[in-house]
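> I'll drop the sequence and a predicted model, then ask my questions.
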Amino acid sequence: MRIADCGNSHDDELDRPHEACGVFGIYAKGADAARTAFFALYALQHRGQESAGIATSDGHASYLHKGMGLVSQVFNEDNLGPLKGHLGIGHNRYSTTGSSHIRNAQPYLIETMHGPLAVGHNGNLTNALTLRRSLLERGVGLTSSSDSEVITQMLAAPPPGGEPNGPNWAARIVAFMAEAEGAYSLVILTQNAVYAVRDPWGLRPLCLGELPNGPCGRGGYAVASESCALGTIGAHFLRQVEPGEIIRLDAEGYHSQPGRQPAPQSTLCIFEYVYFARPDSMLEGQTVHCVRQRLGAELAREAPIHADVVIGVPDSATPAAIGYARTAGIPYSEGLTKNRYIGRTFIQPGDRLRRAGIHLKYNPLTANLAGQRVILIDDSIVRGNTAGPLLRLLREGGAAEIHVRVSSPPVRHPCFMGVDMATYDELIAHSKTVEEVRQHIGADSLAHLSYEGMLRAVDGDGPEHHNHCSACFTGQYPIRLEEWWSHKTQEKLAFEEIWGA
């Protein structure tokens, strides 16, 4: 039996990998945690558009609202008002483990012997099947297909040594981290505190900020997937949450403790720089926008071509296009106008609009394209289902030649750490050469940034060298995947057949 999804995405035409989600947590005495979380989630909307949710606590009771759709579709004044409290967590979701269904929307909120427990999760546990089976064998009932519910139920149980002096949430988190494998950045809400947790590899981002004293509150602290969310709510960025670290936000401020020994090398997903993160976010001490410009500059040096104009696929490829144009000495211009307010919709287009395809998302700027030799910069080609229609659209706009330049290497390997490209079959570069892809999309020429060029751009001119997960390009995974492979055609398929892929 396959349970049907509720809601449909209109973003199928976008050939992009999608991030698992964005998370946010806040403790600020006197503040309206729910309203603050709403605006933070709005800033993190790019990380997940399937569902959104906020859980809060006032120190006595907990409150929750979540639903399918964008933040602005899920929340309004009527349902934000009942979310009382000065501490809370929020979540935007794009499904990778578990189907697009309300039962998989986050945060998860349950009642325990020691009060409420709510969890928001960004990432994928690669040993989720083993952990899930262990819970079921202990008699724990599960209501969803998400590994995030597994995390919630694991945290609801006391640690192996028990809790002789009352609930010890930090010890529970440490016990969870000892068993969990894979990618996770967590926000955890208890009755009187918010916890932020990052996996020992640092695969998914998480940062800490401070809220100033003001008329609406007495200051406090917040955590978020990206620093852009901190800026939106007026918080000052302090630092990244370190791999393997547990941070507690409470009435006394913030407290840090080790949760699990960090991996020998931190491995933040390099696709955060290529596509996922918002351009104004800070990662590893540098602005994402600047890194993307360097990616474009490296691409111009590696793959020059005679042309009249450089354009980018809006919006994520715009910084790389600027960097390419500046280095190549070719004018940068806009060639595509993005219909920004279509976004994700639950209204299905009719047959005529469905045939219009990518026209629903973009329109060509014919005045900038007519008779021009165009360099089209894109940040990635994953499935190859967008580039062809996009190029046809540019030719309809009058482009004489179209030379595609991609500011990342070919994506040849699946991701199991929280990105929705988990099979080889869906990756066009796995089965086709660059020339075959060029023919498939109809470009006059096609070139990708080299792996070495990408690393140079991400590291920049700084003295510090950063390690990153680049498994989707190299096939070299930083964590063990034995369970994933062994169960891929057995238990996992049965699991998906019951719950929905």
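Looks like it arrived, so ask away. Since we're looking at a predicted model, the values are computed, not measured.
> residue 428 contacts residue 388, doesn't it?
No. At 10.6 Å, residue 428 does not count as touching residue 388 under the criterion of Cβ atoms under 8 Å. For the C-beta atoms, the positions are set from N, CA and C on the backbone; glycine is no exception.
> between those two, what contacts are shared?
residue 440 (Cβ atoms under 8 Å, 6 or more residues apart in numbering).
> tell me which of these two has more neighbours.
residue 428 (21 against 15; other Cβ atoms under 10 Å).
> residues in contact with the closest residue in space to the more buried one that isn't next to it in sequence?
Among residues not flanking residue 428 along the chain, residue 384 sits closest, at 3.5 Å (Cβ to Cβ, 6 or more residues apart in numbering). By Cβ under 8 Å, 6+ apart, the contact set of residue 384 is 15, 428, 432, 437, 440-441.
> tell me where the stretch 151-300 of the chain has strands.
All strands of the stretch 151-300 of the chain, identified by DSSP state E, counting those that start in this stretch, fall at 185-189, 194-198, 207-214, 217-224, 236-240, 245-250, 253-258, 268-269, 282-283, 286-287.
> to residue 55, which of those strands lies closest?
Nearest to residue 55, of all the strands of the stretch 151-300 of the chain, is strand 185-189, at 5.4 Å by Cβ to Cβ.
> returning to what we had before: in a helix, the residue nearest to residue 428, correct?
No. Counting by DSSP: H, G, I helix; E, B strand; the rest coil, residue 384 is not part of a helix but coil.
> please report the distance of residue 368 from residue 392.
In this structure, residue 368 and residue 392 are 17 Å apart, going by Cβ to Cβ, to the nearest Å.
> swap in residue 207?
Taken as Cβ to Cβ, the span from residue 207 to residue 392 is 41 Å.
> same check on residue 383?
To residue 392, residue 383 is 17 Å away according to Cβ to Cβ.
> between those two, which one's more packed in?
Each of residue 383 and residue 392 has its neighbours counted (other Cβ under 10 Å); residue 383 has more, 18 against 15.
> that one and residue 431 touch, don't they?
No. At 11.3 Å, residue 383 and residue 431 do not qualify as touching, with contact defined as Cβ under 8 Å.
> show me the shaky parts of the stretch 151-300 of the chain.
Low-confidence segments of the stretch 151-300 of the chain (pLDDT under 70): 214-218.
> what's the domain layout of the chain?
Domain assignment for the chain by automatic domain parsing gives 21-267, 288-465.
> thought residue 479 was touching residue 201?
Yes. With contact defined as Cβ under 8 Å, residue 479 and residue 201 form a contacting pair (6.3 Å).
> residues shared between the contacts of the two?
Here residue 479 and residue 201 share the contacting residues residue 183, scored by Cβ under 8 Å, 6+ apart.
> for the stretch 1-150 of the chain, just list every one of the helices.
Using DSSP state H, counting those that start in this stretch, the helices found in the stretch 1-150 of the chain span residues 33-43, 71-74, 77-80, 128-137, 147-156.
> quick check: mean pLDDT across the longest one?
Helix 33-43 shows a mean pLDDT of 97.
> what comes up buried for stretch 189-207?
Neighbour counts over stretch 189-207 (16 or more other Cβ atoms under 10 Å) mark 189-191, 193-207 as buried.
> and if you look at stretch 286-302?
Residues of stretch 286-302 classed as buried: 286-289, 291-300 (neighbour count, 16+ other Cβ under 10 Å).
> which of those residues fall in helices?
With helices defined by DSSP state H, the entries of the buried residues of stretch 286-302 inside them are 288-289, 291-300.
> just those residues now: which is nearest residue 466?
Of these, the one sitting nearest to residue 466 (Cβ to Cβ) turns out to be residue 291, at 10.8 Å.
> residues near the closest residue to that closest one other than its chain neighbours, how many?
Residue nearest to residue 291 in three dimensions, not counting chain neighbours: residue 273, with 4.8 Å by Cβ to Cβ, 6+ apart. By the criterion of other Cβ under 10 Å, residue 273 has 27 neighbours.
> residue contacts, residue 273?
Shown in contact with residue 273 (Cβ under 8 Å, 6+ apart): 283, 288, 291-292, 295, 458.
> now those in a markdown table, please, with extra columns for distance to residue 142.
Output for these, formatted as a markdown table (distance: Cβ to Cβ, whole Å):
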| residue | distance to residue 142 |
| --- | --- |
| 283 | 34 |
| 288 | 36 |
| 291 | 40 |
| 292 | 40 |
| 295 | 41 |
| 458 | 39 |
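> avg pLDDT for stretch 381-394?
Here the average pLDDT along stretch 381-394 is 92.
> what is the end-to-end distance of that stretch?
17 Å (Cα to Cα, to the nearest Å).
> buried set for that stretch?
Of all the residues in stretch 381-394, those buried under the rule 16+ other Cβ under 10 Å are 381-387, 389-391, 393-394.
> same thing with stretch 118-131?
Neighbour counts over stretch 118-131 (16+ other Cβ under 10 Å) mark 118-129, 131 as buried.
> so residue 470 sits right up against residue 452, yeah?
No. Taking Cβ under 8 Å as the definition, residue 470 is not a contact partner of residue 452, at 11.2 Å.
> could I get the helices of the stretch 1-150 of the chain as CSV with distance to residue 316?
Converted to CSV, the helices of the stretch 1-150 of the chain look like this (distance: least, Cβ to Cβ, whole Å):
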stretch, distance to residue 316
helix 33-43, 16
helix 71-74, 19
helix 77-80, 30
helix 128-137, 29
helix 147-156, 26
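> mind checking which of the ones you listed is nearest residue 363?
Across the helices of the stretch 1-150 of the chain, residue 363 has its closest neighbour in helix 71-74 (23.6 Å, Cβ to Cβ).
> residues touching residue 365, list them.
Residues near residue 365 by Cβ under 8 Å, 6+ apart: 333-337, 397.
> scratch that, residue 310 is what I was asking about
Counting by Cβ under 8 Å, 6+ apart, residue 310 touches 321, 324-325, 328, 330-333, 374-375, 377.
> give me the spatial nearest neighbour of it, chain neighbours excluded.
Spatial nearest neighbour of residue 310, chain neighbours left out: residue 325 (3.9 Å); criterion: Cβ to Cβ, 6+ apart.
> so that neighbour touches residue 331, yeah?
Yes. Between residue 325 and residue 331 there is a contact under Cβ under 8 Å: 6.6 Å.
> looking at those two, which is more packed in?
The neighbour comparison of residue 325 against residue 331 (other Cβ under 10 Å) goes to residue 325, with 23 against 13.
> so how far is residue 290 from the residue nearest to residue 291?
To residue 290, residue 273 is 10 Å away according to Cβ to Cβ.
> cool, and residue 53?
According to Cβ to Cβ, residue 53 stands 33 Å off from residue 290.
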